[in-house]
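Q: Give me the fold of what follows.
(one chain, ligands or ions: 3)
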Amino acid sequence: MDGNKIRKKQARLLVMKFGGTSVGSSDAIAQTAHIIQDECANWEDVVVVVSAMSGVTDALIACAKSAVTGDQEKYADLVCAVQKKHQRVVNELITNHEVKVKLQDELVVLFDTLRLLCQGIHIMGELTPRGMDAMISLGERMNARMVSALLHQNGFASQAVEATALIITDDSFQHAHPIMELSRSKTRAALQPLLADHIIPVVTGFVAANREGIITTLGRGGSDYTAALLGDFLNAQEVWTWTDVDGVMTADPRIVPDARVIPELTYNEVSEMAYFGAKVLHPQTIRPVIERDIPLWVKNTFNPAFPGTRIDGCSKTERGRITAVTAIHGLSLITVEGRGMLGVPGIAARTFAAVARHEASVLMISQSSSEQSICFVIPSDMEVAVLQAIEDEMALELTRRDIDRVWAQPDVVIVTAIGSGMRQTPGVSAHLFGALGKKNINVIAIAQGSSEYSISVVVSAADADQAVRQIHEEVICNELSE
Ligand code: ADP
Ligand code: ASP
Ligand code: MG
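A: Ligands and ions are numbered 1, 2, ... in the order given. The predicted structure is shown next:
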């Protein structure tokens, strides 16, 4: 059947996600409610996904950590601060007595849960990933209820929905993977009746549950992923993520003050940007929307008239050869080197198998053509375990001196230049390395993705911000103005 015909039969549905700063204060929550109410006039159905208020997830992590170390006074203070932050919003925004009483009853249950969890962690002296997920889910669970109550007070039928009933994952607590078809049917069964009754669901972002109903989470920043998953499951026409900047920018605006908004990006470009450290979107966000070709927009809650960035499958405008530059901090470069490695099969496979046993994610690999060394980048907190694992695996080769040494260079940063335009354009790397050379920035390792959407360099942490600024100024700005 013709795809257009199918589309016309479907209701026009918009999924909107509001990030931490978009719900970070009473004013911001009021603004968020206005945006939702305005869009209700433009769409047949609207599904809302909310993050925790900004700072709350970090505060909950701090609660759990102080509980496990036995610092009772500290976690009691932190719990009080979290409670006060939410109570203030209730007092400032919710004036309807009935709505307020119901909301407060719901919040009290969650505040009590927070205290009980802290006590449990404190008594056991143990903090498991599962316990941490129960803890950090509370921010989204509190906030979904507050946003929903405000919509209700403003005359819009709304219901807070726990995503534990929608998104079912495996047991990888802290960074769980959704089981797609099960989650799809659960989501439809739970949300379609609400939409049919013109009730706006306000869903907890970031939070999910395993098959037994135990709370899991999708990784930091995971509310973006929740929104994209719901967009896929409900056949949304569009997914919009509302944040505190005007869209996806050519660089992190905190590092590069003159970074510009990119009006249009492809799924591939934005996936690469998110993977290589652009915090504006969770790295998994693109996967659900790409399959259905659902346009994703990044917009600014505090400047809603600005169109933002549109992300889809086609690149309509000829962009600069390099569109954006990103950085990932907190990394170590591991090198396995030795003249005896030349031509010995299986060294790389055994090295990475040893790394995989520790579940360390390898962010970048580069091998010199002489085959005398392999180097790769991992998060620094895995450095000691990974070095030990490789030394154990290669004990024989180290004794024989086929491998001379296995060593780590800590405090490195991957800086990545991204742009689909670079595929057809020769000389991009030369331009990039020329720019870094001008500032005497030492490039420790290089990798180019086979997709040719990106080139990554490893530099020391001390050089990272300057490298980002230099690539932005010399390569991106020059090309945009050409
Ligand atoms: P939210 O809570 O709304 O999800 P985040 O803090 O997770 O917001 O992401 C938005 C932030 O990402 C921005 O405030 C900005 O500082 C940062 N950021 C980093 N790189 C980029 C980029 N390339 N474009 C836009 N924002 C970026
Ligand atoms: N609240 C979660 C976090 O801070 C998820 C999110 O904001 O997307 O990571
Ligand atoms: Mg985010």
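
Q: In the stretch 301-450 of the chain, what residue lies closest to ligand 3?
A: residue 301 (12.4 Å; CB to the ion). C-betas here are computed from N, CA, C, even on glycine.

Q: Correction: the previous question concerned the chain.
A: Taking CB to the ion, the chain has residue 221 as its residue nearest ligand 3, at 3.9 Å.

Q: ok, that residue touching residue 284?
A: No: using CB atoms under 8 Å, residue 221 makes no contact with residue 284, being 9.5 Å away.

Q: quick one: residue 265 is in a strand?
A: Yes: assignment of residue 265 by DSSP: H, G, I helix; E, B strand; the rest coil places it within a strand.

Q: That one and residue 308 touch, don't they?
A: No: Residue 265 is beyond contact range of residue 308, at 11.0 Å (criterion: CB under 8 Å).

Q: sorry, back to before: next one, pLDDT for the residue of the stretch 301-450 of the chain closest to ligand 3 please.
A: Looking at residue 301, its pLDDT reads 98.

Q: gap between the residue lying closest to it once chain neighbours are set aside and ligand 1?
A: Nearest-residue entry for residue 301: residue 22, 4.0 Å, with adjacent residues in sequence omitted and distances by CB to CB, 6 or more residues apart in numbering. Distance from residue 22 to ligand 1, counting by CB to the nearest ligand atom, to the nearest Å: 6 Å.

Q: Residue 244 touches residue 22, doesn't it?
A: Yes: if you go by CB under 8 Å, residue 244 and residue 22 touch, sitting 6.8 Å apart.

Q: Now list whatever residues contact both of those two.
A: Taking CB atoms under 8 Å, 6 or more residues apart in numbering as the criterion, residue 244 and residue 22 both touch residue 301.

Q: who's more crowded, these two?
A: Higher neighbour count among residue 244 and residue 22: residue 22, with 27 against 17, using other CB atoms under 10 Å.

Q: quick check, the more buried one in a helix?
A: Yes: with three-state DSSP as the criterion, residue 22 is part of a helix.

Q: For it, list the residues it contacts.
A: 28, 31, 32, 51, 242, 243, 244, 301.

Q: Repeat the analysis, applying 6 Å as the threshold.
A: Neighbouring residues of residue 22 by CB atoms under 6 Å, 6 or more residues apart in numbering: 28, 32, 242, 301.

Q: same thing with residue 183?
A: The neighbours of residue 183, taking CB under 6 Å, 6+ apart as the test, are 167, 168.

Q: distance of the closest residue to ligand 2 within the stretch 351-482 of the chain from residue 413?
A: Residue nearest to ligand 2 within the stretch 351-482 of the chain: residue 379 (16.6 Å; CB to the nearest ligand atom). Applying CB to CB, to the nearest Å, the value for residue 379 to residue 413 is 12 Å.

Q: which of these two has more neighbours?
A: Higher neighbour count among residue 379 and residue 413: residue 413, with 23 against 16, using other CB under 10 Å.

Q: hmm, back to that, counting neighbours, go ahead and name the busier of residue 265 and residue 308.
A: Higher neighbour count among residue 265 and residue 308: residue 265, with 26 against 22, using other CB under 10 Å.

Q: so what's that one up against?
A: Contacts of residue 265 by CB under 6 Å, 6+ apart are 248, 311.

Q: thinking again about what came up before, my guess is the residue of the chain closest to ligand 3 contacts residue 283. True?
A: No: the pair residue 221 and residue 283 does not pass the contact test of CB atoms under 6 Å, sitting 8.4 Å apart.

Q: any idea how far the residue nearest to residue 140 when sequence neighbours are not counted is from residue 138?
A: Leaving out its chain neighbours, the residue that sits closest to residue 140 by CB to CB, 6+ apart is residue 204, at 3.8 Å. Residue 204 is 10 Å from residue 138, where distance means CB to CB.
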